[in-house]
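Visitor: Take this sequence and fold it.
(3 chains)
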Amino acid sequence: MNYWLMKGEPSEFSIDDLERVGEQLWDGVRNYQVRNMFRNDMRAGDLALFYHSSCADIGVVGEMEVVVPALPDPAQFNSKSKYYDPKSTIENPRWYGPKIKFVSKFKKLVPLSTIRADKRFSDMILLKAGNRLSVFPITKTEYNALVKLGK
DNA sequence: GCCAACGTTGGC
DNA sequence: GCCAACGTTGGC
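Guide: I've put the predicted structure just below:
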């Protein structure tokens, strides 16, 4: 079982949206490293933390579970979508995303500033300078510690 | 809105 | 395969 942190902009899709719909395809990822992690490393049943980025309250807001790790992202075929990729074909899709489901919403958001200040999280990719991954693995220890802070 | 730090693209 | 130009990410 693997543990992940997944960043998303709440103005596009938030933990409240996920709680409402229950399940959602995590679309719009256009980074090859992340795509490869979806295809090679993510497994059904993996747990992931939902992180709100590019917003007023930045931090970890809840838990999710991977239902299906890598499905072709339909947005890449939609010329109206901002995630459209003219080089993708149905036969040979370029972009994938996992289907994820809601597990829990934290009682209180765990802010980025708190994560930065806590030595237990100093090895997280989240805090590495120049990190550009919107999805990355974390350890079980980090996962559990963040869940505990949120409850 | 700024901007640093990256990733991607495409001509050569 | 190099590398300059451009685009994107994401905290502040």
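Visitor: And the pLDDT at A:Trp67?
Guide: Careful, residue A:67 is Val and not Trp. You'll see A:Val67 listed with a pLDDT of 98.
Visitor: near DNA strand C at all, the longest helix along chain A?
Guide: Secondary structure assigned by DSSP state H gives helix A:140-150 as the longest helix of chain A. No: Helix A:140-150 is not in contact with DNA strand C by Cβ under 7 Å from any atom of the strand; minimum separation 14.6 Å. Heads up, the C-betas are built off the backbone N, CA and C, glycines and all.
Visitor: what's that helix packed up against?
Guide: If contacts are counted by 3 or more Cβ pairs under 8 Å, 6 or more residues apart in numbering; DSSP states H and E, helix A:140-150 sits against strand A:3-8, strand A:47-52, strand A:59-72, strand A:96-111.
Visitor: and the first one, does that touch DNA strand B?
Guide: Meaning strand A:3-8. No: Strand A:3-8 is not in contact with DNA strand B by Cβ under 7 Å from any atom of the strand; minimum separation 14.5 Å.
Visitor: Contacts for that strand next, please.
Guide: The contact list for strand A:3-8 (Cβ atoms under 8 Å, 6 or more residues apart in numbering) reads A:14, A:26, A:42, A:46-53, A:60, A:64, A:66, A:100, A:124-126, A:134-140, A:142-143.
Visitor: Just checking: what are the partner strands of that strand?
Guide: As defined by DSSP bridges, the strand partners of strand A:3-8 come to strand A:47-52 (parallel), strand A:135-138 (antiparallel).
Visitor: Can it be said to contact DNA strand C?
Guide: Yes: applying Cβ under 7 Å from any atom of the strand, one finds strand A:3-8 in contact with DNA strand C at A:Lys7.
Visitor: If you average the pLDDT over whichever helix or strand comes after that strand, what comes out?
Guide: The first helix or strand that comes after strand A:3-8 along the chain, using DSSP states H and E, is helix A:15-21. Across helix A:15-21, pLDDT averages out at 97.
Visitor: counting contacts, what elements does the very next helix or strand once past helix A:15-21 pack onto?
Guide: Per DSSP H and E, the first helix or strand lying C-terminal to helix A:15-21 is strand A:23-25. Under the contact criterion of 3+ Cβ pairs under 8 Å, 6+ apart, strand A:23-25 touches strand A:96-111.
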